[in-house]
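In: Using only what follows, build the 3D model:
(chains A, B, C and D)
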4 protein chains.
Amino acid sequence: MARDQFARLCDIELVSVSPGQASARMNLDQKHLNGIGTIQGGAIFTLADFAFAAASNSHGGLAVGINVTINYFKAVTTGVLHAEAKEVSLHHKLATYLVEVRDGPGDLVALFQGTVYRKSSGK
Amino acid sequence: MARDQFARLCDIELVSVSPGQASARMNLDQKHLNGIGTIQGGAIFTLADFAFAAASNSHGGLAVGINVTINYFKAVTTGVLHAEAKEVSLHHKLATYLVEVRDGPGDLVALFQGTVYRKSSGK
Amino acid sequence: MARDQFARLCDIELVSVSPGQASARMNLDQKHLNGIGTIQGGAIFTLADFAFAAASNSHGGLAVGINVTINYFKAVTTGVLHAEAKEVSLHHKLATYLVEVRDGPGDLVALFQGTVYRKSSGK
Amino acid sequence: MARDQFARLCDIELVSVSPGQASARMNLDQKHLNGIGTIQGGAIFTLADFAFAAASNSHGGLAVGINVTINYFKAVTTGVLHAEAKEVSLHHKLATYLVEVRDGPGDLVALFQGTVYRKSSGK
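Out: Numbering: from 1, shown residues only, chains lettered A, B, ... in the order given. Alright, predicted model coming up:
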């Protein structure tokens, strides 16, 4: 995860990772804003996706994202965003994760449901 | 769209926009890479999301994304990505778009299906 | 919910409903099977959708589903399925729900994430 | 597909199938109605899912649905619904399909995007 250059560009940091879960953080800045002055959906997605990638690769082996659904609930403009990814299902070749993105006060900003294909399972 | 700072950070350019559709482009660079050396899912999402925002705001008024599903089909590492958004359904308060993301050779890299809530309809 | 004829055709029963949540049950039978002898994805979806409709209409007013994502984790063939819907986000015009579908032993069979448009809010 | 008992319960018929695509039809009836007198989302989903299953199994081998997103655009009450599934991406283990559901006049009722895991590829 440390070699992820796009995450670095977005100022995303990995906070913790353990088998089947991960958390990440993004300090919000002007550069994350869209044309109407709120945090761009792509920035929120990238934060969630980073936690998803960390959680899905926490078992060793290599897992790649195949699809994701994200729902947005609250526009944010400043502060920090936290993403918490947890494993919902783990099979030999497929696994699914839910990622909650919350702002500083703890309000739910987005909910992300992603599935990976496990190219190798790390065993 | 020109004031979208996050899109600028990602080197995303709007190519064209007309009622119900839009296209955008992203020249790929090292900064878009993830930890395994392929273009980060968040970067591909952001490109598609930018075309989606342009298409959904092409009628005037203000439309905000409420949810999106994205499927990834092909890992890319270099070159250029093109996103083409087209309107699938337009109602008074809701509208839905499909966005195809293709690489230089024209292969489908991702398919994005997004829905907006139209806060104002521009009429 | 009691007037839902398609739910009745599928042998789906509402178990409970309270503000923002609902649960439903489906006793599995031969009629729910697909061509390879497992419960049809449409039957599992319909059960989850019924709990989603009950939860999203639990505040009074009228809410209609606009989109849904469902992930399937386990093939089932017999017994009973339980769906539990809970509210993730509630706004004036939009609300989102997660529905877990579990089999008799309690294993997660499917996860359903659905959004409604609230035509009237019941106030 | 002919052995799908749940599809039969729903009065769904396969119209055509060829490599990577399939179409199906459902004659609407009282039994497909929900509590507010429109066709139940689960019935529309099941029709689309049936076309998706036919298209994804059209190459031989066995493909099982792993996840689906469906968007609803128009409430329908009577007549007939047609579902057309077409392949968007085909890989060794994964494939993705778009299914359009239209009513008699040809209006788009729902758009369904589904992914299968190909347990065996038929070669």
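In: Of all residues in chain A, which one is nearest the centre?
Out: A:A48 (1.9 Å; Cα atoms, centre = their mean).
In: Can you check the pLDDT for it?
Out: Note on A:A48: pLDDT of 98.
In: where does it land in three-state SS?
Out: State at A:A48, reduced to three classes by DSSP: H, G, I helix; E, B strand; the rest coil: helix.
In: wait, A:E100 sits on A:G106?
Out: No: taking contacts as Cβ atoms under 8 Å, A:E100 lies outside contact range of A:G106: 10.2 Å. Glycine gets a C-beta too; all of them are placed from N, C-alpha and C.
In: The two - which one has more neighbours?
Out: A:E100 (18 against 7; other Cβ atoms under 10 Å in any protein chain shown).
In: Name the nearest residue to the more buried one, ignoring sequence neighbours.
Out: A:E84 (5.1 Å; Cβ to Cβ, 6 or more residues apart in numbering or on different chains).
In: residues of the strand or helix carrying that neighbour that come out buried?
Out: Assessed by DSSP states H and E, A:E84 sits inside strand A:80-90. Buried positions in strand A:80-90, judged by neighbour count with 16 or more other Cβ atoms under 10 Å in any protein chain shown: A:81-85, A:87-90.
In: Who are the packing partners of whatever helix or strand comes next after it?
Out: Following strand A:80-90 in sequence order, the next helix or strand is strand A:94-103 (DSSP H and E). Applying 3 or more Cβ pairs under 8 Å, 6 or more residues apart in numbering or on different chains; DSSP states H and E, one finds that strand A:94-103 contacts helix A:41-56, strand A:80-90, strand A:108-120.
In: Single out the most deeply packed of these.
Out: Most buried of those by mean neighbour count (mean count of other Cβ atoms under 10 Å in any protein chain shown) is helix A:41-56; its value is a mean of 29.
In: Sheet partners, orientation included, of the helix or strand following it?
Out: Later in the chain than helix A:41-56, the nearest helix or strand by DSSP H and E is strand A:62-72. When pairs are called by DSSP bridges, strand A:62-72 turns out to pair with strand A:108-120 (antiparallel), strand B:62-72 (antiparallel).
In: Kindly state the beta-bridge partners for A:V116.
Out: Residues in beta-bridge contact with A:V116 (DSSP bridges): A:G65, A:A95.
In: So for stretch A:55-74, what gets flagged as buried?
Out: Here stretch A:55-74 shows A:55-59, A:63-73 as buried, counting by 16+ other Cβ under 10 Å.
In: between the residues you listed, which is nearest D:L111?
Out: D:L111 lies nearest to A:T69 out of those, by Cβ to Cβ, at 14.0 Å.
In: Show the pLDDT at the closest one.
Out: 98.
In: now A:K123
Out: 57.
In: For A:G79, which non-adjacent residue is spatially closest?
Out: According to Cβ to Cβ, 6+ apart, the nearest residue to A:G79 is A:G104 (4.3 Å).
In: For that neighbour, what are phi and psi?
Out: phi -50, psi -50 (degrees, to the nearest 10).
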